[in-house]
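[1] Sharing a model prediction with you, sequence too.
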Amino acid sequence: QLCVEYDNKSLSFYSNIKVADYFRKWLVAIKSDVRPNTYRSYKGNMENHIIPYFEKLGTELQDLKPHQLTDYYKSKVGTVSVTTIKHHHQNISKALSDAVEKGLISVNPASAAKTPKQTEKFKAEFLNRVQINQLLTYLEGTSIYLPTYLCTVYGFRRSEVLGLKWHNIDFEKETIWIRETLQQSTKKISGDSNYTSSTKTDSSNRTLPMIPQVKKLLLEQKERQERNRQLLKEAYISNDYVCTFDNGKEITPNYLTKKFHKLIERQTNLPQIRFHDLRHSVASNLLNDGFTTVQVAEWLGHSSSTTTLKFYAHIDKTSKLAIANRLQAS
């Protein structure tokens, strides 16, 4: 409950609570109600950006106006991305919506506040197929080769490839079922640094065909894990994860990102992409091969083809060429 006692005061405390103090209380109240990674995001945005700003402003919750929130968003332009500012807005709106529900305020001022417009549409960086092959050749033999390879084929999210478990792989039917993700959080939040969670959306929960080269790599990984288990005995960390270190420990999201960045920055002949750009690479190459946005959306686990089109409309040139050729022939 949000309306808990605070310094031996009851609900009356909230009648003139400052915005910054309310946000602090809200973080405490929602901790057990949201996923750890979601809470981590809320906490970071609130404590690093939102609370300090409104602490200086000193406004009371009852007096908070939409224009004050708009001013906050404007103050962040140039400091963080417009996308991040919109995330701040979502966090603030959620907190104030809860305040309305609890009867602390009558109207959510965030509903009338204005966030900055995106001045430039997102354009995904990507590798073509030749560059992907160069990357994989370079990474062969490293601890991140397998997750990287799988992402260049299926466009997995980082959490999806690291959350992949053997019981979701069917070698007979040659399918891979994406239904769990590996998340990373602080010990203060979850009691452990890593935890398994459900997929991002229902559409992210998907079954994909296992191509021959992927099957070969997965069987080799399974044999490698068994050899290491016998070699290290009690020192081996047994679990069901596919992507692991030699001692059996699962590869963490932060490690994968940092290791990938460290290795790729040494390659001057390749674009300096982020690990997540491998997902963009798969989408871009499939669209350029003539697959539809609907097909690509299903492969990537997008909630709809609209999401795919939003990110990759500038790349989907095949359909435009088909239209142009049809018009030319008519």
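    Everything's here; your move. Residues are numbered from 1 along each chain as shown.
[2] how about the residue nearest to L162 when sequence neighbours are not counted, secondary structure?
    Nearest residue to L162, sequence neighbours excluded (C-beta to C-beta, 6 or more residues apart in numbering): L182, at 4.1 Å. Glycine gets a C-beta too; all of them are placed from N, C-alpha and C. What DSSP: H, G, I helix; E, B strand; the rest coil gives for L182 is strand.
[3] For L182, give its distance to Y241.
    In this structure, L182 and Y241 are separated by 8 Å, where distance is defined by C-beta to C-beta, to the nearest Å.
[4] Report the set of residues contacting both of these two.
    Counting by C-beta atoms under 8 Å, 6 or more residues apart in numbering, the contacts common to L182 and Y241 are L162, G163, E250.
[5] Tell me, please, where in the protein the pLDDT is lower than the cut-off.
    The chain contains residues with pLDDT under 70 at 1-15, 119-124, 184-203, 305-330.
[6] quick one: the strands in it?
    Ranges of strands in the chain, per DSSP state E, are 169-170, 175-178, 180-184, 194-198, 206-209.
[7] hey, which of these is tucked in deepest?
    Ranked by mean neighbour count under mean count of other C-beta atoms under 10 Å, these are led by strand 180-184, which reaches a mean of 22.
[8] I'd like to know which elements that strand is packed against.
    On a contact count with 3 or more C-beta pairs under 8 Å, 6 or more residues apart in numbering; DSSP states H and E, strand 180-184 meets helix 36-45, helix 158-162, strand 194-198, helix 253-264.
[9] For these, give me a markdown table that also has distance to R129.
    Listed next are the helices and strands packed on strand 180-184 as a markdown table, based on distance: least, C-beta to C-beta, whole Å:
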| stretch | distance to R129 |
| --- | --- |
| helix 36-45 | 33 |
| helix 158-162 | 19 |
| strand 194-198 | 32 |
| helix 253-264 | 17 |
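[10] nearest to G141, of those?
    helix 253-264 (11.3 Å; C-beta to C-beta).
[11] Okay, angle between that closest one and strand 180-184 too, please.
    80 degrees (axes from the mean of the first three to the mean of the last three C-alpha atoms, to 10 degrees).
[12] List the buried residues of helix 253-264.
    Neighbour counts using 16 or more other C-beta atoms under 10 Å place P253, Y255, L256, K259, F260, I264 of helix 253-264 among the buried residues.
[13] Mind putting those residues into a markdown table with distance to Q134?
    Shown next, in a markdown table, are those (distance: C-beta to C-beta, whole Å):
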| residue | distance to Q134 |
| --- | --- |
| P253 | 25 |
| Y255 | 23 |
| L256 | 19 |
| K259 | 18 |
| F260 | 14 |
| I264 | 11 |
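[14] related to what we said a few turns ago, possible to save the strands of the chain as a markdown table with distance to S111?
    Shown next, in a markdown table, are the strands of the chain (distance: least, C-beta to C-beta, whole Å):
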| stretch | distance to S111 |
| --- | --- |
| strand 169-170 | 46 |
| strand 175-178 | 36 |
| strand 180-184 | 30 |
| strand 194-198 | 29 |
| strand 206-209 | 35 |
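[15] These: which one's closest to A20?
    Nearest to A20, of the strands of the chain and by C-beta to C-beta, is strand 180-184 at 28.4 Å.
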